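Peer 1: build me a model from this:
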Amino acid sequence: MRYCLGPPHAKSDLYIALAFMPFGLFFDFFDGKVARWRGKSSLMGQELDSLADLISFGVAPAASAFALGLRTPLDQLLLTTFVLAGLARLARFNVTTGNVPKDATGKAAYFEGLPIPTSLTIVALMAFWATQGWVQGSIPFGTVGAGVLEVHPVVGLFVAHACCMVSKTLHVPKP
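Peer 2: As a prediction, the model looks like this:
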């Protein structure tokens, strides 16, 4: 968010923020591997993992989009919807994980809905926009509407991703 305080051409803080998000994916995989290796897990650990996922793959991308220039009232509402869909997806995962069919190793055979770490694809796209200078007043596709209904069409990527995260019919095979 420090990028919002400086001139639009000083993007170092923005690049740092976007570059740190993939580390969340590394640590998300790593903590699960350690828990399985040790044969120990707890409800608190599961909830803390979900909270870390929500911050790393929900709040951070939405805040970065805001910093990039998706700042109209409708943009903010739709970015908040993205974060809340991530929260709903993680909560549903924690509650229904026992009901999903398992493979021979005991792991769930698929994800119900798009996993929240896939939001890193949008982060990669935002990083590309930043390198091209497509920030603030130069966001691809500009804005449509006026007043409180003004919106950047690219926020639709966040809305589509949110819908895929909470989908009950989308089954993504686990690797």
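
Peer 1: tell me which strands the lowest-mean-pLDDT helix or strand in the chain pairs with, and in which orientation.
Peer 2: Sorting the helices and strands of the chain by mean pLDDT, DSSP states H and E puts strand 110-112 at the bottom, at a mean of 83. The sheet places strand 110-112 alongside strand 171-173 (antiparallel), with pairing taken from DSSP bridges.

Peer 1: how about the contacts made by T143?
Peer 2: For T143, the contacting residues are 72, 150-153, by Cβ atoms under 8 Å, 6 or more residues apart in numbering. Every residue, glycine included, has its C-beta placed from N, CA and C.

Peer 1: residue most distant from the centroid, this protein?
Peer 2: Distance from the C-alpha centroid of the chain, by Cα atoms, centre = their mean, peaks at A104 (30.1 Å).

Peer 1: so that residue: helix, strand or coil?
Peer 2: The local conformation at A104, judged by DSSP: H, G, I helix; E, B strand; the rest coil, is coil.

Peer 1: so what pLDDT did it get?
Peer 2: Note on A104: pLDDT of 71.

Peer 1: gap between the helix or strand hosting F20 and the chain center?
Peer 2: Per DSSP states H and E: F20 is located in helix 12-38. Mean-position distance between helix 12-38 and its chain equals 13 Å (Cα atoms, centre = their mean, to the nearest Å).

Peer 1: please apply the same query to stretch 146-157.
Peer 2: On Cα atoms, centre = their mean, the centre of stretch 146-157 falls 19 Å from that of its chain.

Peer 1: change the start of the numbering to 30 and stick with it
Peer 2: Got it, first residue is 30 now, which makes that one stretch 175-186.

Peer 1: alright, calling it a day.
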